[in-house]
Structures are given as structure tokens and as C-alpha cells.
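Participant: Sequence first, then the predicted structure, then my questions.
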Amino acid sequence: MPKIIIFGRASQKDIMKIEVKPEDLDKNLMDYLRENSLPIASSCAGKGQCKHCVINGLLLSCSVTVKEFLRNSSQPLDARCEPDQALVTIDYL
């Protein structure tokens, strides 16, 4: 099972690791992160207009599914990540 590691830039800490279940792959990434108790900012209700839900410095979490994020994750190799893991960085955590 793939995992998503959440890293907070403000705290410089790994916040949590989330194991992705098959039924979660088609969910919107912003909604999925919120379901896992992460405070993802958004004032446009996920319509891609406010740009508050940015993760990894440039990706709008409302614009991709969990599956797309895992497949297209272009994060550099990181000591926290294994091959079946993806890193989500959130500036304000």
C-alpha cells in the first residue's frame, strides 16, 4: 500500500504518514487530506481559484486525485520516503 508523508515546513517536522487504501485513489487530494484531519486551506471550495490549497510549493491539492498525485509525484528522493511513498509539504504546518 502506498503512503503519503505529510511534512510541515513551518515546524520542520513530519506531521503524519497516511496509508492510502484502494478506495481512496479516486478521491480529490484536498478532500482526502482533510478527511485525514489535515487543515488544508481553501476559500473557493476546491474550484482552483483561491490558490490557498497549495502543496509542495506549486500544486493545487484540489486539482488532482490521490492516484494522479501518487503517479505523478516528482518529489526529489528524500530520506523520509521509500519507493512506494510520496511527500506532501505544507508551508503553514
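Facilitator: It's in.
Participant: rest of the way, CA atoms for contacts and neighbours
Facilitator: Noted.
Participant: give me the low-pLDDT residue ranges for this protein?
Facilitator: 74-81 (pLDDT under 70).
Participant: Strands of that one, residue ranges please.
Facilitator: Ranges of strands in the chain, per DSSP state E, are 3-8, 13-19, 54-55, 59-60, 85-90.
Participant: I'd like those strands laid out as CSV, including mean neighbour count and distance to residue 73.
Facilitator: Shown next, in CSV, are the strands of the chain (neighbours: other Cα atoms under 10 Å; distance: least, Cα to Cα, whole Å):
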stretch, mean neighbour count, distance to residue 73
strand 3-8, 20, 11
strand 13-19, 14, 16
strand 54-55, 21, 11
strand 59-60, 18, 10
strand 85-90, 22, 7
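Participant: Out of the ones you listed, which gets nearest to residue 70?
Facilitator: With respect to residue 70, and counting by Cα to Cα, the nearest of the strands of the chain is strand 85-90 at 6.3 Å.
Participant: orientation of the closest one relative to strand 3-8 in degrees?
Facilitator: 30 degrees (axes from the mean of the first three to the mean of the last three Cα atoms, to 10 degrees).
Participant: Within its sheet, name the partner strands of strand 85-90 and how each one runs.
Facilitator: strand 3-8 (parallel) (DSSP bridges).
Participant: Let's see the strand it pairs with as CSV, backbone CA atoms only.
Facilitator: Coordinates of the C-alpha atoms in strand 3-8 are reproduced here as CSV (Å, rounded to 0.1, in the frame of the first residue of the first chain):
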residue,chain,number,x,y,z
LYS,A,3,1.8,6.0,1.8
ILE,A,4,1.7,9.8,1.8
ILE,A,5,4.1,11.5,4.2
ILE,A,6,3.0,15.0,5.4
PHE,A,7,5.8,17.4,6.1
GLY,A,8,5.3,20.8,7.7
